[in-house]
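Student: A predicted structure for the sequence below; I have some questions about it.
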Amino acid sequence: MQSFLTSGFFFIPSSLAIAASSLWDYFRCVKSALTYMGKNTKTKLMLSATPLRRLSQATATAGLGFAMVAAIGNPAQAVNLKTFNISGNFAPASEDGSVGLPVNLANASFNGSYTVDVDQLPASSSFVNLTNWTINLVKDNTIVRTLSKKLAGNTAYIQENILDFSDAGLLTGKNKNLYSLELYFDSNFTGTGSTNNGKFLDNSNLGNVQSSGITAVGFVKSEPVSEPESSAGTVFFATICLCFKIKKTA
């Protein structure tokens, strides 16, 4: 996983910091050389500080730009986050003995999205935590529950072929909020696929109002969100534009 150096509120890739450090040493050598030349040759004193500063800015911009591209393009260090859309529906009826929310979710649907580092998939022997997610459980065009990273007690992960979204946000005394949406895809799951194998499990008890049981998933599909351009391309394009702007003002 990519390591980071922290400076204030900015996070700088370590490879980029090393490149910047080397570039700074180069500028120090150039400055020393020019100082020596200025002391021994009057003609060299005609060098203007402004053009030198502009040259330094242009060189620094180009150097940092290529360092950023190199850092992003290094698969050994980069985190390859990808977002997936997910949607599905529940079976026409919950399992016998279910009460509360599982019964209400019969013939209901769910939809949302999640983000994960796909370089860690397939997760054959470990749990890969999702970096972001929001899943809405919908009945009659009304959201009845939401599973999200923004909510306390919510967790989500991929382990082998299992994609799981859980809520254990309230566990105080007799009151407990504990339910999950578990989806079982084919083996070697990497975020893309469809299945009719899954279930919503509930074991909640809020204010002596019990909600427990299981509702099977009828069908679910997970597919990647299309990305128009890569991060490396964006950084490179921005660097080139900045270089042209500096050249124009010089």
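Tutor: Noted; the coordinates are in hand. Here the structure is a predicted model, which means the values were calculated and not measured.
Student: show me where this protein has strands.
Tutor: 4-7, 10-13, 81-90, 109-117, 128-129, 132-139, 142-148, 154-159, 162-172, 175-184, 193-195, 198-206, 209-224 (DSSP state E).
Student: take the fourth one, keep the C-alpha atoms, and write them as CSV.
Tutor: Pointing back at strand 109-117 there. What follows is strand 109-117, C-alpha atoms only, in CSV (Å, rounded to 0.1, in the frame of the first residue of the first chain):
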residue,chain,number,x,y,z
SER,A,109,-35.7,-3.6,-3.4
PHE,A,110,-32.2,-2.1,-2.7
ASN,A,111,-29.8,0.0,-4.5
GLY,A,112,-26.6,2.1,-4.0
SER,A,113,-22.9,2.0,-4.6
TYR,A,114,-19.7,1.0,-2.9
THR,A,115,-15.9,1.6,-3.3
VAL,A,116,-13.1,-0.8,-2.8
ASP,A,117,-9.4,-1.3,-3.6
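Student: which of the strands of the chain sits closest to Ser98?
Tutor: Evaluated over the strands of the chain, closeness to Ser98 peaks at strand 209-224, with 2.4 Å, by CB to CB. Placement of C-beta: from N, CA and C, glycine included.
Student: what helices or strands is that closest one leaning on?
Tutor: Contact partners of strand 209-224 among helices and strands, from 3 or more CB pairs under 8 Å, 6 or more residues apart in numbering; DSSP states H and E: strand 81-90, helix 101-104, strand 175-184, strand 193-195, strand 198-206.
Student: JSON lines for the ones you listed, including distance to Pro122 and mean pLDDT?
Tutor: What follows is those, written out as JSON lines (distance: least, CB to CB, whole Å; pLDDT from 0 to 100):
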{"stretch": "strand 81-90", "distance to Pro122": "14", "mean pLDDT": "98"}
{"stretch": "helix 101-104", "distance to Pro122": "30", "mean pLDDT": "96"}
{"stretch": "strand 175-184", "distance to Pro122": "14", "mean pLDDT": "89"}
{"stretch": "strand 193-195", "distance to Pro122": "11", "mean pLDDT": "98"}
{"stretch": "strand 198-206", "distance to Pro122": "18", "mean pLDDT": "91"}
